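[1] got a predicted model here, sequence first, then my questions.
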Number of protein chains: 2
Amino acid sequence: MKKAISIGEYLIEQLHAHGVGHVFGIPGDYVLGFYDQLAKSKLVTMVNTCDEQGAGFAADAYARMRGLGAVCITYCVGGLKVANATAGAYAEKSPVVVISGAPGMNEREKNPLLHHKVKEFDTQKKVFEQITVASTVLSDAQTAFQEIDRVLHAALRYKRPVYIELPRDMVFKTGIQYYRPEEIHEQSDTETLRAALAEAEAMINKAKKPVWLADVEVHRFGLQDVLMKLVHKTNIPVATTVLGKSVIGEQHSFYLGVYEGALGRDDVRRYVEGSDCVVMLGAFLTDINLGIYTAQLDPMRTIYANSEKLSIRYHTYENVRFKDFMRGLLKLRLRRRKLGKIPTPPPIGSFRAKAGNTPVTVKRLYQRINDFLGENMMVVADVGDALFGATDLFIRHRTEFLAPAYYASMGFAVPAGIGAQMANRKLRPLVLVGDGAFQMTGMELSTAARYGLNPIVILLNNFGYGTERHMQDGAYNDVLLWHYSKLPEVLGAGKGFLVKTEGELDKALEEAKKCEHTFCLLDVQLDPADRSPALQRLAERLALGVSSARVV
Amino acid sequence: MKKAISIGEYLIEQLHAHGVGHVFGIPGDYVLGFYDQLAKSKLVTMVNTCDEQGAGFAADAYARMRGLGAVCITYCVGGLKVANATAGAYAEKSPVVVISGAPGMNEREKNPLLHHKVKEFDTQKKVFEQITVASTVLSDAQTAFQEIDRVLHAALRYKRPVYIELPRDMVFKTGIQYYRPEEIHEQSDTETLRAALAEAEAMINKAKKPVWLADVEVHRFGLQDVLMKLVHKTNIPVATTVLGKSVIGEQHSFYLGVYEGALGRDDVRRYVEGSDCVVMLGAFLTDINLGIYTAQLDPMRTIYANSEKLSIRYHTYENVRFKDFMRGLLKLRLRRRKLGKIPTPPPIGSFRAKAGNTPVTVKRLYQRINDFLGENMMVVADVGDALFGATDLFIRHRTEFLAPAYYASMGFAVPAGIGAQMANRKLRPLVLVGDGAFQMTGMELSTAARYGLNPIVILLNNFGYGTERHMQDGAYNDVLLWHYSKLPEVLGAGKGFLVKTEGELDKALEEAKKCEHTFCLLDVQLDPADRSPALQRLAERLALGVSSARVV
């Protein structure tokens, strides 16, 4: 008979069983008991960040890389600090387990005013019900294991965050092994699936110029191999959305680039919008993915399949699982085409710094970075030109580009770089972040220093909220000029560079490449009026608002 | 006839009418229109912080000083970052108006996936319903003015935060002046009030050694003058709770000190617990106020009056307003006593630094600060020994001590110091903060630099989460050692000091006093095992949990 274990230990075991090797967070008295278990466990490693917000973003990035992530914080004063990061994980389908300490059940009787309590004891849970896909308070040893299973299952099934509240007097209680009924695997309705696949087959085979448009769910649901087989079998090329960028490696000969309506590369837009059969796989029709509704995708020529919906032309098939549909596509008799000339990402070419004091421009900065990116690097982008400029970067392998490309929360990138590198120590993150976002969470470089991580942080310093300047400007778009390159002196680690010219950029990147033992921070000073063309077009659209959102 | 004004302008007018002169926040596209109105308004000044979290804490401090505060941020990615600060304001009764930009009503049709959206368009509102006392979405020009009035009224009445969501297409719409019915002032039930006062009169007059125990609501409801009159009329001395600290100036001859059960000064505890009539005015029975339930207050000898409850001994009077009760006390025939010998805060005495390399201890640090505090200073304390050590500081005037002494969110003090100084530019904040908390929000010193504020920040650097070390220690209680005194080089402003010895402390404080044009940051390095006796006792209690919370 298996040794009886405590609720806290069971939670750690189950996290580990689903791929979690690191838990991000900050301790507090209501969660200290569980921290002790985490510290003693050989299954997971604790990673302390500076602020809970940083832990939330790091866990999100980790979940995107590993398939599940976890953040562990104390009651309310810790938990509510990760509300925003959790909401971002919800919006962009990243399965993060939020574990919150809490007052013991034995302390709650008579509803006393314990520190960190907001209103009622369940206030925090009610908040997280709004921004997670399942939540529980482990208030009963009889059901605790079952509840942990239920909630983790929801995270894995829906690829969304979940909330587990662990009252401090429950941590060490022995849970009850329960009778596990055989798992019922959700299944597609067979006949509906068959009909949908038959229609898809006819539509794709009839098309002269079909295209796959792959988004983030292909990655979240582990269907990247299926996608590649589809591509190879049919010779149909593939584009991705910006949120889905790096769902396939971008060196692939069938890869067109990122499609995002009028905001993206024009040759990609023309190819996708000129297609007579766009098969959207795992796609979200977000405003940013759709180039702020500049995308012109005719539903009559669209197959739209994701975990929530399957539509072909103007009709919808119910009860078809996304996985079954994608795997079904692979079994169809889809004809193999000759691969004609397709748009490809611009050649990288080797970058030559201009002589003298030529200032760095956004455009040239990205050209230089493209040249710089190596096999062992990944890219983590924050919001603004850190993201939009980065869409044309050439990403070598799958899942090596992370960005909050829908929820668009500033301050994501530096802590996400930490989470990403914890998830895969073989990759060195190149973090792209604006100065405004850096001032929110950039001090998490302290966490990189503490755990010996070595991200290269490119700070696009345009002295304010650059994206907003193009919508409407005012003093509120300014931020104080920090001397960022001196931060290593404060942190006692890292290497800082002040970059104004192309020559300095060249030199700094070369040094950063060699400097593998610590993080590097490049303060790249740009003209405040400079921006990528994509950002300029985006800013103009965002300022207008969206009067006629078109949804498939 | 009055000129018709827009919804945004009306909101600004009403904020101003209730004492708000500064709005804290960070812009974003959904709130840019309103930011433009704020920037153009002569009634309020915008204060940009580095992160929204900082804006939330600053607005909370501002509200505590001014009676109302406001934070203005963008939809979800901004709003959810202030969830924790707003929850703290709720718990400690600070009336903060959270104003969030949002997608326009015209953009919401068909429920498109607009950036920053989490789940549904009302997700953020549902979150804030849990942590505010009233909330509204200004979705209709017909009712917008009325809704603004209703929500602001709730903030002022309950001294709690409120939430106003302003869709971007509503900002410039003209609101409708509505018929304002005569305000119905809530009134106490006359006979109940009379009976309660009669009983209180008899009980107080009969007592041999009565005492007032004043808490934060005396301040929030503007009853400080009433309290002082009661004290002068009766010669009954007054103690405060830790959350209520500085509800009266501590130089007052009738002032005993802070009562917090076994955690506070022993002479105060003996006096209060030895009293045969403790009149608790505007008090919260929180665990921290009650010295983690070490307080021994016999309900048989207690009058307990606040905005939510009025109890005398074991019975309760319904429908009596706190204000009416306190004002009623003043009209009673309470007998005037001879003021005997009462405990008083220890004399400040002038501090003499010990010669040589005598390291600074927590105890001696606070002695030195007590000596240092001047007439034009106020104290803002963060959590841990920054708070508990500070309870014995001698605060000159009313409302010159701010701390999250119930909700206890780390990271409060630095941004709160900014909010406090914006609320009263005549005071110079002395900010007490641990290194763990500083790493969360300390970079908001950037905001101090930007707006020419000059707080003196005393960083109690014990190389980790000191409070927790005394409960249960592990590597998770460590934080990276920053070279804090070099931060001014990063920010291009401020003055940094590294302090290890008493001599260095002396010198740094004297320099800081003279350095009035910018902020000063003293990195005071302490022995990690050192702590105030209060903190040690507190940590021991917190680690135990509370098995038998006793609530009046």
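    Structure received.
[2] would you mark the buried spots in stretch A:473-481?
    Residues of stretch A:473-481 classed as buried: A:473-474, A:476-481 (neighbour count, 16 or more other CB atoms under 10 Å in any protein chain shown). Every residue, glycine included, has its C-beta placed from N, CA and C.
[3] pull the CA atoms of it into CSV?
    Taking Å, rounded to 0.1, in the frame of the first residue of the first chain, the C-alpha atoms of stretch A:473-481 are listed here in CSV:
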residue,chain,number,x,y,z
ASP,A,473,0.9,62.8,-27.2
GLY,A,474,1.3,64.6,-23.9
ALA,A,475,3.6,64.8,-20.9
TYR,A,476,1.9,61.6,-19.6
ASN,A,477,3.8,59.6,-22.3
ASP,A,478,7.2,60.6,-20.9
VAL,A,479,9.1,58.5,-18.5
LEU,A,480,12.2,59.6,-16.5
LEU,A,481,15.5,58.9,-18.2
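[4] SS state for A:V524?
    Of the three states, A:V524 takes strand under DSSP: H, G, I helix; E, B strand; the rest coil.
[5] show the backbone phi and psi for the spatially closest residue to it that is not a sequence neighbour.
    Nearest residue to A:V524, sequence neighbours excluded (CB to CB, 6 or more residues apart in numbering or on different chains): A:V499, at 4.5 Å. Backbone torsions of A:V499, given as degrees, to the nearest 10, read phi -120, psi 120.
[6] please look at A:V499 and A:A508 and confirm they touch.
    Yes: A:V499 lies in contact with A:A508 (CB atoms under 8 Å); the separation is 5.2 Å.
[7] after whatever helix or strand A:G496 lives in, which helix or strand is next?
    Assessed by DSSP states H and E, A:G496 sits inside strand A:495-499. Moving toward the C-terminus from strand A:495-499, the next helix or strand (DSSP H and E) is helix A:502-514.
[8] any idea how far that next one is from the chain center?
    Distance of helix A:502-514 from the chain centroid (CA atoms, centre = their mean, to the nearest Å) equals 28 Å.
[9] same check on stretch A:43-51?
    Its chain's C-alpha centre and that of stretch A:43-51 lie 19 Å apart, by CA atoms, centre = their mean.
[10] likewise stretch A:229-244?
    Averaging C-alpha positions (CA atoms, centre = their mean) puts stretch A:229-244 20 Å from its chain's average.
[11] kindly report the same for stretch A:32-48.
    Relative to the mean C-alpha coordinate of its chain, stretch A:32-48 is positioned 25 Å out (CA atoms, centre = their mean).
[12] output it as PDB, nothing but the C-alphas.
    Taking Å, rounded to 0.1, in the frame of the first residue of the first chain, the C-alpha atoms of stretch A:32-48 are listed here in PDB:
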ATOM      1  CA  LEU A  32       5.300  29.300   4.800                       C
ATOM      2  CA  GLY A  33       4.300  25.700   5.600                       C
ATOM      3  CA  PHE A  34       3.900  24.900   1.900                       C
ATOM      4  CA  TYR A  35       7.200  26.700   1.200                       C
ATOM      5  CA  ASP A  36       8.900  24.400   3.600                       C
ATOM      6  CA  GLN A  37       7.600  21.500   1.700                       C
ATOM      7  CA  LEU A  38       8.600  23.000  -1.600                       C
ATOM      8  CA  ALA A  39      12.100  23.700  -0.300                       C
ATOM      9  CA  LYS A  40      12.400  20.100   0.900                       C
ATOM     10  CA  SER A  41      11.100  18.500  -2.200                       C
ATOM     11  CA  LYS A  42      13.400  17.100  -4.800                       C
ATOM     12  CA  LEU A  43      10.700  17.400  -7.400                       C
ATOM     13  CA  VAL A  44      10.600  21.100  -7.800                       C
ATOM     14  CA  THR A  45      12.800  24.100  -7.300                       C
ATOM     15  CA  MET A  46      11.600  27.400  -5.900                       C
ATOM     16  CA  VAL A  47      12.500  30.600  -7.800                       C
ATOM     17  CA  ASN A  48      12.000  33.800  -5.700                       C
END
